[in-house]
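>>> sequence and predicted model, in that order:
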Amino acid sequence: MSELLAVRDGEGTAWARAHVDECAFCREELDLLYRRVAALRALPALRPPRDRWGVIRAQAARDRRGRVLKRTGWGVLAAAAAIAVLLGVRTVGMLGPTPAVGQTELDALMEQSRGLEATLRSYDPEGRVLNARAAGIIANLEDRIALVDAGISQVTTRGGAREDLIGLWRDRVDLMNALVNAHVTRATYVGF
Amino acid sequence: MTQASVTGVGVLDDIAVERAKTGDLEALERVYRSYEGLVYSLARRICRTEEDTEDVLQETFLEVCRSIRSFRGTGTGSLTAWVKRVAASKALMRVRREKYRDADDLPEDGPAVGVNDVDVPLQLDLEAALMQLPDTSRAVVWMHDVEGYTHEDIAEMMGRTVSFSKSQLARAHARLRGWLGGGH
């Protein structure tokens, strides 16, 4: 068989090639080999029985978010917080008689967000397996959080209005709450 | 612009590939929809179980999502080759990892058609005969004769020698010949 395969692949010795030319039995075997391979190539294409995209998408989104956080080392959010404090000081005159109220709300929202991040880490979300539905919900929330983070970064960099920043941090806290709930619900379900 | 395939979520073209490289999840889904059948078929022919096959499908596309930004090819043709290569590597890695399950390789010496073959029906369906082969030799047959990889490629992906790949191919064909008779 190895000689026949070598002849088929153009690697056969001169003797083997000459032999196949002369020997009816070996010619028939070579022909069978060609037909067998043609039949293998003609086997029908198969389709996966289940759609795996939900799970893959969720993991890809988590990887991407993890990469972004690792790259920035939470620096973007920390910088945003620092700039927000400066913004609060700088815009005291512009924001009317109760500037401290807005700043206090901003501080409280950032603190809430940090707390929710800590809660989420305590569930070890990276180490858990998700079903497709939960993975889809979580991926969607993580995508939305990433968009809000980009918005926070943009507003703080260009020195935007504090109301915009407060609105974004409020959105972030709401989304983080939903994300923690999604993980907690799933953990409870698994626990049963 | 090269068109790879029409999928349930649209056409995979060069623009979609470029978007996928940026991590765009919609574009990555197009890549998945375009290649899930190809990857699944390749993995199913190499892996022994459905479960292993689905794991390879998932691992392949996670790797595609992670690494597509460093994919240097242009056009969907080279993307197809790259995705297939990732899938083949994952499937072969699994075959290597799962080798403890059986005395897998066909022995390099001794008769090509062994004594166990008397248990195998004389006329098997080609697909059943393929699945009857040990994992490693089935993988070599599929990779070499159907997917068109060279023995050098296969040896590299399997962490074995070129002569091992050639020998597995010859012995696998001898077995298939014995089981299938003149039918194929």
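On my side now, so go ahead. Residues are numbered from 1 along each chain as shown, chains lettered A, B, ... in the order given.
>>> can you give me the strands in chain B?
With DSSP state E, the ranges of strands along chain B come out as B:3-7, B:10-13.
>>> least reliable of the ones you listed going by mean pLDDT?
When the strands of chain B are compared on mean pLDDT, strand B:3-7 scores lowest, with a mean of 46.
>>> care to break chain B down by domain?
Following automatic domain parsing, one finds the domains of chain B at B:3-99, B:105-183.
>>> grab the most central residue of chain B for me.
In chain B, the centroid-proximal residue (C-alpha atoms, centre = their mean) is B:L42; its distance is 3.8 Å.
>>> ok, and the closest non-adjacent residue to that residue?
B:A87 (5.2 Å; C-beta to C-beta, 6 or more residues apart in numbering or on different chains). Yep, even glycine has a C-beta here, placed from its N, CA and C like the rest.
>>> ok, that neighbour - contacts?
B:38-39, B:42-43, B:56-57, B:60 (C-beta atoms under 8 Å, 6 or more residues apart in numbering or on different chains).
>>> farthest pair in those?
Of all pairs drawn from the contacts of B:A87, the greatest distance, 12.3 Å, lies between B:L38 and B:V56 (C-beta to C-beta).
>>> secondary structure element for A:R50?
Under the criterion DSSP states H and E, no helix or strand holds A:R50.
>>> B:L38 and B:V56: who's more crowded?
B:V56 (27 against 16; other C-beta atoms under 10 Å in any protein chain shown).
>>> burial count for the residue lying closest to A:Q154 once chain neighbours are set aside?
Distances taken as C-beta to C-beta, 6+ apart put A:G160 closest to A:Q154, at 7.6 Å, once the chain neighbours are dropped. Using other C-beta under 10 Å, A:G160 is surrounded by 15 other residues.
>>> in what helix or strand does A:G160 lie?
Going by DSSP H and E, A:G160 is not part of any helix or strand.
>>> and the gap between it and B:Q132?
68 Å (C-beta to C-beta, to the nearest Å).
>>> do B:S67 as well
As judged by C-beta to C-beta, B:S67 and B:Q132 stand 35 Å apart.
>>> more neighbours: which of the two?
B:Q132 (17 against 11).
>>> which pLDDT does the model give that one?
90.
>>> got it, and A:L4?
Looking at A:L4, its pLDDT stands at 84.
>>> farthest from the middle of chain A: give me that residue.
Max radial position in chain A (C-alpha atoms, centre = their mean) goes to A:E22, at 61.3 Å.
>>> now do the contacts for that residue.
So A:E22 contacts nothing (C-beta under 8 Å, 6+ apart).
>>> which bits of chain A sit near chain B?
A:1-2, A:5, A:29, A:32-33, A:35-37, A:39-41, A:43, A:45-50, A:52-53, A:55-57, A:59-61, A:63-64, A:139, A:143 (C-beta under 8 Å from any C-beta of the partner chain).
>>> how about 7 Å then?
A:1-2, A:5, A:32-33, A:35-37, A:39-41, A:43, A:45-48, A:52-53, A:55-57, A:59-61, A:63-64 (C-beta under 7 Å from any C-beta of the partner chain).
>>> now, which of these lie within helices?
Within those, residues falling in helices by DSSP state H are A:2, A:5, A:32-33, A:35-37, A:39-41, A:53, A:55-57, A:59-61, A:63-64.
>>> any of those residues buried? List them.
A:2, A:5, A:32-33, A:36-37, A:40, A:53, A:55-57, A:59-61, A:64 (16 or more other C-beta atoms under 10 Å in any protein chain shown).
>>> could you identify the least confident member of those residues?
Of all of these, A:R64 carries the lowest confidence score, 71.
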